[in-house]
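A.B. asks: sequence first, then the predicted structure, then my questions.
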Amino acid sequence: MNVAVFTGIRELEICEQSRPVLERPGDVLLRIETVGVCGSDIHYYTAGRIGDQVIDYPATLGHECAGTVMEVCPTVAGLKVGQRVAVDPAISCGQCGQCRNGRAHTCHNLQFLGCPGQAPGAVAEYISIAAESCYPIPDSMTMVQAALVEPLSVAIHAQRLAWMRPGGTAAILGSGPIGLSVQLAVGALCPSRTFVTDLLDERLGLARRCGADWTGVPTRGDVVKAILQEEPDGLDCVFECAGRQETLDQAVELLKPGGTMVLIGIPDSEQVDFRMDTLRRKELRLQNVRRQNDCTKAAIDLVASGAVDINPLVTHHFAMEETKAAFDLVADHADGVVKAIIHVAGDLT
């Protein structure tokens with residue numbers, strides 16, 4: 001079968017590997033249909049690492065995926081051959097203290113698709129994966145939508161951690177795929193007045209389409225001053241989705257006393273700074289987000305019901321043999337790209 005692999009910094013090839021076989025009880029064999037290119041994938045592509053997670057080349061890639069069940073172990077219940085599924089790429093052990101305490105996403109023995117030293121990546125014609133990671137989707141849902149269930153589930157998890165109440169105020173700093181997913185999740189689950197920033201006009205246009213009440217470009221004016229003119233007391237919550245020191249500083253300024261900063265973006269640097277006197281005086285909460293926790297079904301339901309229209313986030317489609325072109329496009333923020341989808345099987349629709 002064909003598999004996409006990282007072979008070096010900004011180097012990627014399509015290689016031939018053996019088709020996986022089902023060796024563990026509870027596994028299923030998936031034919032991968034669609035994979036979304038995630039910002040974390042781009043960190044590995046351009047830097048070869050995220051923090052202490054360093055790629056050992058060659059390495060497989062990709063985790064935002066959807067597929068069709070092709071084979072099931074005899075012990076698997078609830079899935080059958082031919083079923084279309086969205087995938088939670090995190091495979092937890094179910095036995096450690098984190099899993100027993102309802103934190104499967106921070107499992108001590110976690111295996112994550114396409115993560116260095118963990119599970120094989122999803123840009124492959126077939127993968128073997130735990131049945132618990134596979135969530136059936138309705139006939140009305142496309143495979144492209146199913147691939148976007150993973151980033152939407154991250155946004156739902158972030159919204160749940162944000163201490164928000166309907167009718168409140170929030171900023172979303174960075175309107176890439178995760179920031180836009182947060183806008184959609186907040187709009188559907190906790191309607192609030194939202195202020196969205198980004199450096200790219202195309203993304204801010206999408207943010208308004210997704211329900212943002214206000215948008216601004218930080219390089220064209222003082223967005224903090226402009227937002228505080230609208231909300232002089234400050235904001236209840238800021239979702240930091242850019243992973244930049246500038247947006248972290250903006251978040252501290254924007255929050256009202258007792259507000260919550262939700263950290264979703266992945267910084268390029270290993271350390272960031274905060275003005276501790278401001279954090280202390282305002283008694284701000286800092287809430288990190290680690291992927292998602294038991295939000296996959298909720299994401300499927302939001303999309304299937306029409307409560308969330310995820311389709312506008314998808315701007316580009318690529319065949320599997322064009323995977324490198326997809327990664328270059330996203331890495332360079334070229335051609336107005338927001339979310340690029342790789343079609344491992346089938347046509348580009």
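C.D. replies: It's in.
A.B. asks: when you work out contacts or count neighbours from here on, use the C-alpha atoms and nothing else.
C.D. replies: Noted.
A.B. asks: next up, the contacts around the most centrally placed residue in the chain.
C.D. replies: With distances taken as C-alpha atoms, centre = their mean, Pro151 lies nearest the centre of the chain, 3.1 Å away. Residues in contact with Pro151 (C-alpha atoms under 8 Å, 6 or more residues apart in numbering) are Glu64, Pro177, Ile178, Ser181.
A.B. asks: in strands, which of those residues appear?
C.D. replies: Glu64 (DSSP state E).
A.B. asks: widest-spaced pair of the contacts of Pro151?
C.D. replies: Within the contacts of Pro151, two members stand farthest from each other by C-alpha to C-alpha: Glu64 and Ser181, at 13.7 Å.
A.B. asks: which residues does Ala59 bridge with?
C.D. replies: Note on Ala59: beta-bridge partners by DSSP bridges are Phe6.
A.B. asks: I figured it hits Val5, correct?
C.D. replies: Yes - when contacts are counted by C-alpha atoms under 8 Å, Ala59 is listed as touching Val5 (5.2 Å).
A.B. asks: which of those two has more neighbours?
C.D. replies: Neighbour totals were compared for Ala59 and Val5, and Val5 leads with 25 against 19 (other C-alpha atoms under 10 Å).
A.B. asks: dump the residue contacts of the more buried one.
C.D. replies: By C-alpha under 8 Å, 6+ apart, the neighbours of Val5 are Leu12, Glu13, Ile14, Cys15, Pro58, Ala59, Thr60, Leu61.
A.B. asks: so the third one sits in a strand?
C.D. replies: When you say that, I think you mean Ile14. Yes - counting by DSSP: H, G, I helix; E, B strand; the rest coil, one finds Ile14 located in a strand.
A.B. asks: the closest residue to it other than its chain neighbours: how many residues sit nearby?
C.D. replies: Excluding the flanking residues, the one nearest Ile14 by C-alpha to C-alpha, 6 or more residues apart in numbering is Ala4, at 4.4 Å. Using other C-alpha under 10 Å, Ala4 has 27 neighbouring residues.
A.B. asks: how about the backbone phi and psi for Val262?
C.D. replies: Note on Val262: its backbone torsions stand at phi -100, psi 120 [degrees, to the nearest 10].
A.B. asks: ok, it touching Ala242?
C.D. replies: No - Val262 is not in contact with Ala242 according to C-alpha under 8 Å; the separation is 11.4 Å.
A.B. asks: what does whichever strand or helix holds Gln183 rub up against?
C.D. replies: Element membership for Gln183, per DSSP states H and E: helix 177-189. For helix 177-189, contacts defined as C-alpha under 8 Å, 6+ apart pick out 151-152, 154-156, 158-159, 172-173, 192, 194, 206-207, 210-212, 239, 241, 302, 307-310, 313, 338-339.
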